[in-house]
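Asks: Sequence and predicted model, in that order:
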Amino acid sequence: MHTFFHTTDEVLGDARNRYFGRAFQAYHIKLKSFIIDNSIISGVFKIDYDGPARPRHETVHLGSIEYTALALLLAGFGLSKLVGLSIEQINMATLDRMSFKISSILCIGEVSFAIQIKESGRDNSSKQGSYSTFQLTVGFTTISIRIDHQGKRYHWLTAHQSLDPFSEQLYTIGYKKRTLKIHTITLNLHSNSIQGHVHCPRQYPENEIDGLSSSRSILLPTDALQVFGQLMQTLLYQKMNSNREQCPNIWLRRMDLEVHAPQLEEHCISRISFDKIKRINQRKESWQMIDLSGNVGTYRGKFQIAHKLS
């Protein structure tokens, strides 16, 4: 049996109060320190939040969008300082894949990071000619990320060509200025699946701001996560006959994201399904664990989430 909705707001409520709607825009990332020591970059971010309170006043913590924005920001630092790419080349580079597993929540405040390059070089399967893989540490979480980019052009970079890590970039402020709409939603509780149409209009002129993928107007990884998150919540709340206020906080445990090619069109289709649902008992509490997968345009995602059963 299929259920139809015009927008996710019909199920989830006002987007201004929801994390995957607009509340993620209330997180603010500021670089406090940046150190290069041999082949390792380390430093500290200050992350603040001035948005709406959680429905049950849970402690504010970083979510999938912040982890992804930080990973893409750090990958840009790595391409600049460890690989030697110019700002122009970094702006052309795109995410190929990233993955991480969260073992402990990360609250707002000062967050340490580290960047190590695992491998970098030409690859025939790369769309731009080269791949660079970085191991990133954000707080307690280790992230593996591979970037598709052009080969190194310069033996050394001028100050004008080199990325300033303390500058405002796409993944400090730019990604939060974007808006997208999910409409014409079809939900099937029998197959544990949901589909929606996505419209992500061009948000800013190309090359207006520096950062990974900023040279072209494409669907960003952070955009894709907005869609994954809202469709996941819509399917979960309908399946549980619940809502955002009643359902305990949904915790991300694992995320894998791949990009087959840049999503250039403003319109695309998104589909996700719950592949495995199980109930576990931990510390005298019952939890529901869900493995889900799907796509948003050219993005393919796999996630594991958990929430406490009331």
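Replies: Cool, got the structure. Residues are numbered from 1 along each chain as shown.
Asks: hmm, who's touching the longest strand seen in the chain?
Replies: In the chain, ranked by residue count with DSSP state E as the criterion, the top strand is strand 267-282. Strand 267-282 is contacted from outside by 182, 191-200, 219, 227-228, 231-232, 235-236, 239, 286-298, 301, 309, using C-beta atoms under 8 Å, 6 or more residues apart in numbering. For every residue, glycine as well, the C-beta is placed using N, CA and C.
Asks: Just the ones in helices from these, please.
Replies: Among these, DSSP state H puts 227-228, 231-232, 235-236, 239 in helices.
Asks: Lowest-confidence one in the residues you listed?
Replies: Among the ones in helices among the contacts of strand 267-282, residue 239 carries the weakest pLDDT, at 92.
Asks: Which residue is the nearest non-sequential neighbour of that residue?
Replies: Counting by C-beta to C-beta, 6 or more residues apart in numbering, residue 239 lies nearest to residue 189, which is 5.8 Å off, once chain neighbours are set aside.
Asks: what's the burial count for that neighbour?
Replies: When neighbours are defined as other C-beta atoms under 10 Å, residue 189 has 14 of them.
Asks: list the contacts for it?
Replies: Contacts of residue 189 (C-beta under 8 Å, 6+ apart): 1, 3, 238-239.
Asks: let's go with 10 Å and repeat that
Replies: 1-3, 235, 238-239, 274 (C-beta atoms under 10 Å, 6 or more residues apart in numbering).
Asks: Quick check on those residues: which are buried?
Replies: Among the contacts of residue 189, those scoring as buried are 235, 238, 274 (criterion: 16 or more other C-beta atoms under 10 Å).
Asks: Now restrict the contacts of strand 267-282 to buried residues only.
Replies: Applying a neighbour-count criterion of 16+ other C-beta under 10 Å, the buried members of those are 182, 192-196, 198, 200, 219, 227-228, 231-232, 235-236, 287-288, 290-298, 301.
Asks: So which of those sit within strands?
Replies: Members of the buried ones among the contacts of strand 267-282 lying in strands (criterion: DSSP E): 182, 193-196, 198, 287-288, 290-296, 301.
Asks: of all the residues you listed, which two lie farthest apart?
Replies: Spatial extent of these (C-beta to C-beta) is set by the pair 198 and 287 at 30.3 Å.
Asks: buried set for stretch 151-170?
Replies: Judged by neighbour count using 16+ other C-beta under 10 Å, the buried positions of stretch 151-170 are 152, 157, 162-163, 165, 169-170.
Asks: CA-only coordinates of that stretch in CSV, if you can.
Replies: Taking C-alpha atoms only, stretch 151-170 is exported to CSV below (Å, rounded to 0.1, in the frame of the first residue of the first chain):
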residue,chain,number,x,y,z
GLY,A,151,47.1,16.4,-11.1
LYS,A,152,49.5,18.8,-9.4
ARG,A,153,50.5,21.6,-11.7
TYR,A,154,53.0,23.7,-9.7
HIS,A,155,56.2,22.9,-7.8
TRP,A,156,55.4,25.7,-5.4
LEU,A,157,52.4,28.0,-4.8
THR,A,158,52.2,31.7,-4.4
ALA,A,159,50.2,33.2,-1.5
HIS,A,160,47.5,34.0,-4.0
GLN,A,161,47.3,30.4,-5.3
SER,A,162,47.4,28.8,-1.8
LEU,A,163,44.2,28.1,0.2
ASP,A,164,44.0,30.1,3.4
PRO,A,165,42.6,27.7,6.0
PHE,A,166,41.3,30.6,8.1
SER,A,167,39.2,32.0,5.3
GLU,A,168,35.5,31.5,5.1
GLN,A,169,34.8,28.7,2.6
LEU,A,170,32.0,26.6,1.1
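Asks: Sweet, I'm off.
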